[in-house]
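A.B. asks: what's the 3D shape of this:
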Amino acid sequence: MRNALGSVDTVLLLGGRSEIGLAIVERLVRDGARRVVLAARGAAGGTPPVIGDAEVHLVDFDAARPETHGEVIETAAKLVGDLDVVIPAFGVLGSQAAYDADPVAAAEAVAVNYGGHVSAGLSAARRLREQGHGTLVVLSSVAGVRVRRANFVYGSAKAGLDGFAQGLGDALHGSGARVMVVRPGFVVGRMTEGMSPAPMSSTPGEVADAVVAGLRSGAETVWVPGRLRWVFAVSRLLPRAIWRRMPR
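C.D. replies: Numbering: from 1, shown residues only. Below is the predicted model:
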């Protein structure tokens, strides 16, 4: 439950090594969160990192094994009690050229980037609905708002995830639980190392700041940076013949 001041008390990060996810957790702890569960592949038995004064637990989590996701959520709840914020922060970027050459790799990436989030999201939503409170933070992307030829495998998975998150949020309406969809642009970090930053890029810290602000305000959708909302309002209207000529 949120504490007496209305701050988040417990956090579950699925993808416990995610740069963006950890930045969000650090800010929530700074704001008063006291109990954290970091879920990542091979995490159990390791030494929990120090995150402020928070009590930190490690549990195993494999995004590619949806049959285990419900158990991970329930294990986290047993460790820290009701979950105030659940953040699925896992996925793979890959390159379109590599996916063109290896369709199996493309399908495996989509299974994680979309299918894994569907399983984890539904499992988390069930828990939050039973609690009667809590927020699922879904890290979508502007890549899914209008899919580009330069990364259409990744973008199509994000488009599916974005639609799933909106539908799940509508399904949870009135339950006390909710979904917040986050749509960052290009994020300069480990996942994009070696790539040329796109205009209006952000850092993991800037994404985290926007997420925490959105949690405080009760936002349903968060764009990072905020002006991308207007950029993509226009881009959605561009004729397809023009859109397909956008820089790769």
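A.B. asks: where do the helices sit along this structure?
C.D. replies: 19-30, 69-80, 96-101, 103-110, 117-131, 152-172, 204-217, 228-235, 240-243 (DSSP state H).
A.B. asks: tell me which of the ones you listed lies nearest to residue 51.
C.D. replies: Residue 51 lies closest, by Cβ to Cβ, to one member of the helices of the chain: helix 19-30, at 5.1 Å. C-beta here means a position set from N, CA and C on the backbone, and glycine is covered the same way.
A.B. asks: would you mark the buried spots in the closest one?
C.D. replies: Buried positions in helix 19-30, judged by neighbour count with 16 or more other Cβ atoms under 10 Å: 19-29.
A.B. asks: adding pLDDT and distance to residue 116, write the residues you listed out as JSON lines.
C.D. replies: Shown next, in JSON lines, are the buried residues of helix 19-30 (pLDDT from 0 to 100; distance: Cβ to Cβ, whole Å):
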{"residue": "19", "pLDDT": "96", "distance to residue 116": "18"}
{"residue": "20", "pLDDT": "97", "distance to residue 116": "16"}
{"residue": "21", "pLDDT": "97", "distance to residue 116": "14"}
{"residue": "22", "pLDDT": "97", "distance to residue 116": "19"}
{"residue": "23", "pLDDT": "97", "distance to residue 116": "21"}
{"residue": "24", "pLDDT": "98", "distance to residue 116": "19"}
{"residue": "25", "pLDDT": "98", "distance to residue 116": "19"}
{"residue": "26", "pLDDT": "97", "distance to residue 116": "24"}
{"residue": "27", "pLDDT": "97", "distance to residue 116": "25"}
{"residue": "28", "pLDDT": "97", "distance to residue 116": "23"}
{"residue": "29", "pLDDT": "97", "distance to residue 116": "26"}
